[in-house]
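K.L.:
got a predicted structure here, sequence first:
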Amino acid sequence: MRIDIITCLPKLLDSFFNQSILKRAQEKNLAQIIVHDLRDYTTYKHKQIDDYAFGGGAGMVLMIEPIDNCISHLRAQRQYDEVIYMTPDGENFSQPLANQFSMFANIIILCGHYKGVDERVREQFITREISIGDYVLSGGELPAAVVSDALIRLIPGVLSDETSALTDSFQDNLLAPPVYSRPADYKGWVVPDVLLSGHEAKINQWRVDQATERTKVRRPNMLE
Ligand code: SAH
């Protein structure tokens, strides 16, 4: 999968994509993440990419021209499954969407900033608008990182234990069961006996029971 991220703050994303699972996914060629600096695509003087909103009011708006240049440049080279704009008024991101998007070959993610992007960008170029929650951040970089991370870890071969993503919360409409590691007794706080029993069927049943109970208490709507 190839993800092209368009941003006016590329440095914000560099370190995020160069650590741990996402770094390894790129090294194994399972994912390609290319960050584009919007300022490289403007023809305005002083690399300007934003301007005041017509009609007045506080806050700058990312202009359409550099965004058009960047998206058109990318689209001339390959077909994209979606051109996604991260925005608080978009469709709420969720595990089912992550599963669906993880099958894509190429996507573009546009990060807004300040007041957002010129509305004509959304009308003309964007095929999907995604929010990571009902709150407002200062830029689309963290949301783009959130979405990219959720997709890339689902690509087969990215996680070392292939089944690992399948036992996470929201797959199978259940939250994940609790997990424990060494020591089995820490200050008298002990790990449930069954996990130390070596009895695989019993352990699996315990995990399903715990996951179901946790889901009942924390996300009852998932069981409906
Ligand atoms: N004026 C806009 C908010 C702009 S916030 C409004 O009220 O709807 C600046 C940028 O941050 C947005 O363009 C978007 O790319 C990003 N952003 C902020 N909150 C977000 C969220 N919850 N989900 C996705 N992107 C978000």
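P.N.:
Looks like it came in fine.
K.L.:
any idea how far residue 105 is from residue 202?
P.N.:
Distance, residue 105 to residue 202, using Cβ to Cβ, to the nearest Å: 42 Å. (Glycine included, C-beta is placed from N, CA and C.)
K.L.:
the two: who's more crowded?
P.N.:
When residue 105 and residue 202 are compared on other Cβ atoms under 10 Å, the one with more neighbours turns out to be residue 202, at 13 against 10.
K.L.:
could you look up the SS state of that one?
P.N.:
Local secondary structure at residue 202 is given as helix here, using DSSP: H, G, I helix; E, B strand; the rest coil.
K.L.:
let me know the pLDDT of the nearest residue to it once chain neighbours are set aside.
P.N.:
Taking Cβ to Cβ, 6 or more residues apart in numbering, and ignoring the residues beside it in sequence, residue 202 has residue 194 as its nearest neighbour in space, at 5.5 Å. According to the predicted model, the pLDDT of residue 194 comes to 98.
K.L.:
sec struct for residue 194, please.
P.N.:
The three-state assignment at residue 194 reads helix, by three-state DSSP.
K.L.:
distance check, it against residue 187.
P.N.:
Counting by Cβ to Cβ, the gap from residue 194 to residue 187 is 21 Å.
K.L.:
ditto for residue 47
P.N.:
Where residue 187 is concerned, residue 47 sits at a distance of 58 Å (Cβ to Cβ).
K.L.:
same question for residue 20.
P.N.:
Taking Cβ to Cβ as the measure, residue 20 falls 30 Å from residue 187.
K.L.:
if you count surrounding residues, which of the two has more?
P.N.:
The neighbour comparison of residue 20 against residue 187 (other Cβ under 10 Å) goes to residue 20, with 10 against 6.
K.L.:
and this protein, which residues reach the ligand?
P.N.:
For the chain, the residues in contact with the ligand under the definition Cβ under 6 Å from any ligand atom are 86-89, 111-113, 115-116, 131-133, 135-140, 143.
K.L.:
of those residues, which belong to helices?
P.N.:
The helices in this structure, assigned by DSSP state H, contain residue 143 from those.
K.L.:
name the residues that touch the lengthiest strand in the chain?
P.N.:
Using DSSP state E to define each element, the chain has its longest strand at strand 82-92. Outside of strand 82-92, the residues within contact range by Cβ atoms under 8 Å, 6 or more residues apart in numbering are 71, 97, 101, 104, 107-112, 116-117, 121-122, 125-137, 140, 143-144, 147.
K.L.:
swap in stretch 26-45?
P.N.:
Outside of stretch 26-45, the residues within contact range by Cβ under 8 Å, 6+ apart are 1-8, 10, 13-14, 17, 22, 25, 47-49, 62-63, 65-67, 69-70, 73-74, 148, 152, 155, 157-158.
K.L.:
my read: residue 51 touches residue 64, true?
P.N.:
No - in this structure, residue 51 is not within contact of residue 64 by Cβ atoms under 8 Å, at 10.2 Å.
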